[in-house]
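J.: Fold the following for me, if possible:
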Amino acid sequence: MFFTIPTLLTCTRIVAIPLIVGVFYAPLDQATRNLIATLMFIVFAATDWFDGYLARKLNQTSAFGAFLDPVADKFLVCASLLVLVYLQRADVFVALIIIGREIAISALREWMAHIGASKSVAVHMIGKLKTTAQMVAIPFLLYDGVLFGTVDTGVWGQWLIWIAAVLTVWSMVYYLKKALPEIRARL
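T.: Numbers count the residues shown, from 1 in each chain. A predicted model of the protein is given here:
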């Protein structure tokens, strides 16, 4: 079942990447670009919850969907971080921490699945908190303005992206500790 509604929704997160990047090259004023990119990110990020819900509700879960879903999430987050670094709204160090962790943990999960120990690196609450912090920080940084006359999204976004970076390191340490017994057994 390749062309299911949940899988197509997952694919929209990958298709979103050049669209979000392209907004910043459109002949629009900066505030309009920021608003469009923010709304696009929020809509496409929301498909992460919606595709999972539909897959379960419509009984359309698949191994391919389970593989593609986290890949699409990582692509969307990493591309958005690179845009934010380019726009000088996120520190390159934060982007390196987050992107580096995603690569390292993805490789660890792949290896642990290969040796039959994937349960030791199953998703944990720390990882979910990290993702939540990222998914709030990124649209705040994309918007980079004042909401409701009081909320400076640039400032809040900076705080949240650094919190996400700390949670990123914490979750990586957690997953590595969980995997360490299996790693030692294989060396």
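
J.: Please make it C-alpha for all contacts and neighbour counts, starting now.
T.: Will do.

J.: For Ile161, list the residues it contacts.
T.: With contacts defined as CA atoms under 8 Å, 6 or more residues apart in numbering, the neighbours of Ile161 are 90, 94, 133-134, 137-138.

J.: Could you pick out which of those residues are located in helices?
T.: 94, 133-134, 137-138 (DSSP state H).

J.: ok now the biggest helix by length in the chain, how far from the chain's centre?
T.: Taking DSSP H as the criterion, the chain has its longest helix at helix 153-186. Remark: helix 153-186 is offset 13 Å from the chain centroid, using CA atoms, centre = their mean, to the nearest Å.

J.: and what of stretch 51-68?
T.: Counting by CA atoms, centre = their mean, stretch 51-68 comes out at 18 Å from the chain centroid.

J.: Could you pull out the buried residues of that stretch?
T.: 51-52, 54-55, 60-61, 65, 68 (16 or more other CA atoms under 10 Å).

J.: and if you look at stretch 180-187?
T.: Ile183.

J.: from the chain's centre, how far out does it sit?
T.: The answer for stretch 180-187 is 29 Å, by CA atoms, centre = their mean.

J.: State the mean pLDDT of that stretch.
T.: Averaged over stretch 180-187, pLDDT sits at 77.

J.: CA atoms only for it, dumped as CSV, please.
T.: C-alpha atoms of stretch 180-187 as CSV (Å, rounded to 0.1, in the frame of the first residue of the first chain):
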residue,chain,number,x,y,z
LEU,A,180,25.4,0.8,25.3
PRO,A,181,24.9,-2.8,26.6
GLU,A,182,24.1,-4.0,23.1
ILE,A,183,27.0,-2.1,21.7
ARG,A,184,29.4,-3.6,24.3
ALA,A,185,28.0,-7.1,23.6
ARG,A,186,28.9,-6.7,19.9
LEU,A,187,32.4,-5.4,20.3
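
J.: per-residue confidence at the spatially most central residue of the chain?
T.: Residue closest to the average C-alpha location in the chain (CA atoms, centre = their mean): Val77, at 3.8 Å. If you check Val77, the pLDDT there is 93.

J.: Now do the contacts for it.
T.: So, once contact is read as CA under 8 Å, 6+ apart, Val77 ends up touching 134-135, 138.

J.: Format those as TSV; extra columns: distance to Met125 and pLDDT.
T.: TSV is the format used below for the contacts of Val77 (distance: CA to CA, whole Å; pLDDT from 0 to 100):
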residue	distance to Met125	pLDDT
Gln134	14	94
Met135	15	92
Ile138	20	96
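
J.: mind listing what Leu82 touches?
T.: Contacts of Leu82 (CA under 8 Å, 6+ apart): Ala95.

J.: On the pLDDT front, check it for me.
T.: Confidence for Leu82, expressed as pLDDT, is 95.
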